[in-house]
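> Got a sequence here, can you build the structure:
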Amino acid sequence: MGCGATKAVQVQPADAVEPLAPGDYPGTSGIPSGVELELDRLSTLDDLPSGESGEPRVLLLGAGDCGKSTLFRQLQLLYGGTAAAKNSYVLAGAVRSHLFHTLREATQGMARLGIEFAEPQNIARAQTLLDVAKVDDATVRGLDDDVAAVGADAGLRAVLKRGAAVHLPESAAYFLDAASRILAPGYVPTGDDVLRMRVRTRGVALAQISAFGRDFEVVDVGGARTERRKWAGRLRGAAAVFWVGSLAEFDQPLYEDEEVNRLDESVALWRETAAMPELEGAALSVFLCKRDVLAAKAAAADADALATLRARCAGSGGADEAADPSALVAQRYLDACPRLSKANVHAVDATDAKDVRAALDAAFRGLAKPV
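Coordinates of the predicted model:
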């Protein structure tokens, strides 16, 4: 990896960290415009106005960073939507952009947590990577060693373990570990590469799909607080709402307001949305993503995390504190909406095609029945 001897990672308390001058630390000057454009391009390729097609409309809603966009891309791939037709060049650029975006977020997280690079030369290497303005074969050629060294640095790996505190995506380690393959000439993304990207939905994305012999119009609307105004006008006439939440956000702060817990925000928003008169006749399903992340916390015997989960779900009607952790989260959504059936709450790993297919089939099967 070219890291050489490693010195101890120095972690200081937040109040002991001296402010960094602009340019002193990689990642503080913002992501290069060329990389940002690649991410914007992926998120807006399917941004189309919702037309009066006559097909049943399914709304994909949820708060930000819940796994909704991953579920949407999986849905497109499984049911023949527009994602399957995207050319490999655009997808390769988007995945490479996501890799560099992950490096930027990780180095910013190091600065926030007072974690230094274990190898001082990796500061300059990281700055080189963050100065990349394009992500084509010619530009990224020769960067493998720098990416490998920065990605393997003990300081950067330390921040990955505390990723929730600085809003790192759960897939950060996946992309850093796959960097040599992603940067290789002629790179073609795998299905996992595409599904594991975290790209915030901007605007409205539309997919035409077919399930059980019937066509559907699936509309994905951004879930960040600044995007929710775009929900207005799309609720009336919806045949169904697929609400997406995360099983792993019980110990995570909201991106827009770190005083607010993400699970609390999602459940409150679900309660408000499900009660809207425009959705009175719509079928309701809840998809709780990131089951794999929750399972990893349980497998690691993360007692603090599981205690936080049980405390966050305490008082939920019918919730058994000794129950499977995902059942505790599911009960909060059931409590928030009396007309939601337990059979319509699905805990899934959104990157697992078989898992998602079973859950989506159950939801679409009911919608496809003749009226």
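> residue boundaries of the strands in the stretch 251-371 of the chain?
Along the stretch 251-371 of the chain, the stretches classed as strands by DSSP state E, counting those that start in this stretch are 283-289, 345-347.
> Tell me which strands the longest one pairs with, and in which orientation.
Note on strand 283-289: by DSSP bridges, its sheet partners are strand 240-246 (parallel), strand 345-347 (parallel).
> Out of those strands, which is the most enclosed?
strand 240-246 (a mean of 25; mean count of other CB atoms under 10 Å). Where you see a C-beta, it was placed from the backbone N, CA and C, and this is true even at glycine.
> Need the contact partners of that strand.
With CB atoms under 8 Å, 6 or more residues apart in numbering as the contact definition, strand 240-246 has outside contacts at 56-63, 65-68, 71, 223, 262-263, 266-267, 270, 273-274, 279, 282-290, 329, 333, 363, 367.
> Can I get it as CSV, trimmed to CA atoms?
Below are the C-alpha coordinates for strand 240-246, written out as CSV (Å, rounded to 0.1, in the frame of the first residue of the first chain):
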residue,chain,number,x,y,z
ALA,A,240,-49.9,3.9,-3.3
VAL,A,241,-47.2,5.3,-1.1
PHE,A,242,-44.1,3.4,-0.5
TRP,A,243,-42.5,5.0,2.5
VAL,A,244,-38.8,4.4,3.0
GLY,A,245,-37.1,4.5,6.4
SER,A,246,-33.8,3.3,7.7
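> before we move on, back to that, now, the contacts of strand 240-246 that are in helices?
68, 71, 262-263, 266-267, 270, 273-274, 329, 333, 363, 367 (DSSP state H).
> Now, of these, which are buried?
In the ones in helices among the contacts of strand 240-246, burial by neighbour count holds for 68, 71, 262-263, 266-267, 270, 273-274, 329, 333, 363, 367, counting by 16 or more other CB atoms under 10 Å.
> any idea how far the longest helix seen in the chain is from the chain center?
Secondary structure of the chain per DSSP H: the longest helix is helix 88-113. With CA atoms, centre = their mean, to the nearest Å as the basis, helix 88-113 stands 13 Å off its chain's centre.
> then stretch 96-106 to CSV, C-alphas only?
Output of stretch 96-106 as CSV, limited to C-alpha atoms (Å, rounded to 0.1, in the frame of the first residue of the first chain):
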residue,chain,number,x,y,z
ARG,A,96,-15.8,7.4,-9.8
SER,A,97,-17.2,10.7,-8.7
HIS,A,98,-18.7,9.1,-5.7
LEU,A,99,-15.3,7.6,-4.8
PHE,A,100,-13.7,11.1,-4.8
HIS,A,101,-16.7,12.5,-3.0
THR,A,102,-16.3,9.8,-0.3
LEU,A,103,-12.6,10.8,0.1
ARG,A,104,-13.6,14.4,0.5
GLU,A,105,-16.3,13.7,3.1
ALA,A,106,-13.9,11.4,5.0
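> So which bits of that stretch are buried?
Across stretch 96-106, burial judged by 16+ other CB under 10 Å covers 96-106.
> Out of the residues you listed, the closest to Ala238 would be?
For the buried residues of stretch 96-106, the minimum distance to Ala238 (CB to CB) is 30.8 Å, reached by His98.
> State the distance from the closest one to Val140.
As judged by CB to CB, to the nearest Å, His98 and Val140 stand 13 Å apart.
> do the same with Tyr174
18 Å.
> out of these two, which sits in the busier spot?
A count of neighbours by other CB atoms under 10 Å puts Val140 above the other of Tyr174 and Val140, at 22 against 14.
> residues contacting the residue found closest to Arg236 once you drop the neighbours it is linked to in the chain?
Spatially, and ignoring its direct neighbours in sequence, Arg236 is nearest to Glu278 (4.4 Å; CB to CB, 6 or more residues apart in numbering). Residues near Glu278 by CB under 8 Å, 6+ apart: 235-236, 238.
> What of Ala92?
For Ala92, the contact set (CB under 8 Å, 6+ apart) comprises 187-189.
> let's see 10 Å
38, 135-137, 182, 186-189, 193 (CB atoms under 10 Å, 6 or more residues apart in numbering).
> The strands of the stretch 251-371 of the chain into CSV, with extra columns for distance to Cys337 and mean pLDDT?
Formatted as CSV, the strands of the stretch 251-371 of the chain follow (distance: least, CB to CB, whole Å; pLDDT from 0 to 100):
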stretch, distance to Cys337, mean pLDDT
strand 283-289, 7, 95
strand 345-347, 10, 95
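> Looking at these, which one is packed in the most?
Most buried of the strands of the stretch 251-371 of the chain, by mean neighbour count (mean count of other CB under 10 Å): strand 283-289, with a mean of 24.
> What is the neighbour count of Glu256?
Neighbour count of Glu256, defined by other CB under 10 Å: 12.
> wait, isn't Arg125 in contact with Ala152?
No: applying CB atoms under 10 Å as the test, Arg125 and Ala152 come out as separate, 11.1 Å apart.
> Low-confidence ranges, the stretch 51-200 of the chain, go.
Scanning the stretch 51-200 of the chain for pLDDT under 70 picks out the ranges 51-54, 81-90, 199-200.
> where along it do the strands fall?
Using DSSP E, counting those that start in this stretch, the strands of the stretch 51-200 of the chain run over residues 57-61.
> packing partners for the strand or helix carrying Ser210?
Taking DSSP states H and E as the criterion, Ser210 maps to strand 204-211. When contacts are defined as 3 or more CB pairs under 10 Å, 6 or more residues apart in numbering; DSSP states H and E, strand 204-211 sits against helix 33-44, strand 57-61, helix 68-79, strand 214-221, helix 353-368.
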